[in-house]
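Visitor: take a look and give me a structure for this.
(2 chains)
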Amino acid sequence: NAGVTQTPKFRILKIGQSMTLQCTQDMNHNYMYWYRQDPGMGLKLIYYSVGAGITDKGEVPNGYNVSRSTTEDFPLRLELAAPSQTSVYFCASRRLAGGPSSYNEQFFGPGTRLTVL
Amino acid sequence: ILNVEQSPQSLHVQEGDSTNFTCSFPSSNFYALHWYRWETAKSPEALFVMTLNGDEKKKGRISATLNTKEGYSYLYIKGSQPEDSATYLCAFAPSSNDYKLSFGAGTTVTVRA
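Guide: The predicted structure is shown next:
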């Protein structure tokens, strides 16, 4: 299994440009998440999905959109990039609840480092 | 937004010494407490998921305890080694939405050889 993969690894955008961060998991996990990580701030949840066709906002959804047309893919869209969106973005996934508590752990992708200038 | 706090923010440890640090979380509506290890230039990886008050988990030289009644968890590293250098994140899962985690800002451990 490749686990959770993200592309691209790095990207520089100009203010006002748009882009999509790709996330794919091959573990057949129902839950998927997008986080952003800012220095000293920990991970903040942007959007999450509990299954194909179902998405919901997290703590910091403004300026982002998501879709979940398949179990495997959960892309994150930035429509009008702003300097405040400079961050490291992590995608994560988790299996459906049930079984030992360790089954609740989230699996993270390698991250996308985005700079908006 | 659920308040999860970790202290200290960072610490330096001499190789061979033991250390511990704290995660504080809401004591009500508790479902689970996660610990993740995050090495530089890598992605976070789960260490423990703890659900029961009084739980103790161990993986090699790293162990964790959980007190859900007072809302804290300790992570211990025994005989620290340079490869233990990482940021350790804790995350709280409420029973109302156990699939959504609120993360602390992390404790960054640097082990000096």
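Visitor: pLDDT of stretch A:94-102, averaged?
Guide: When pLDDT is averaged along stretch A:94-102, the result is 70.
Visitor: which residue is the nearest non-sequential neighbour of the most centrally placed residue in chain A?
Guide: Central residue of chain A (Cα atoms, centre = their mean): A:Trp34, 2.4 Å from the mean position. With sequence-adjacent residues excluded and distances taken as Cβ to Cβ, 6 or more residues apart in numbering or on different chains, A:Trp34 is closest to A:Ile46, at 4.3 Å. Quick note: C-beta positions are derived from backbone N, CA and C, even for glycine.
Visitor: who in chain A is up against chain B?
Guide: Counting by Cβ under 8 Å from any Cβ of the partner chain, the positions of chain A adjacent to chain B are A:4, A:31, A:35, A:40-45, A:48, A:50, A:58-59, A:90, A:94, A:97, A:101-102, A:104-111.
Visitor: would you mind checking those for buried ones?
Guide: Burial by neighbour count, 16 or more other Cβ atoms under 10 Å in any protein chain shown: within the residues of chain A next to chain B this picks out A:4, A:31, A:35, A:42-45, A:48, A:50, A:58, A:90, A:94, A:101, A:104-109, A:111.
Visitor: who does the nearest residue to A:Asn65 once chain neighbours are set aside bridge with?
Guide: Once flanking residues are discounted, A:Asn65 sits nearest to A:Arg77: 4.4 Å by Cβ to Cβ, 6+ apart. Taking DSSP bridges as the rule, A:Arg77 bridges to A:Thr20, A:Asn65.
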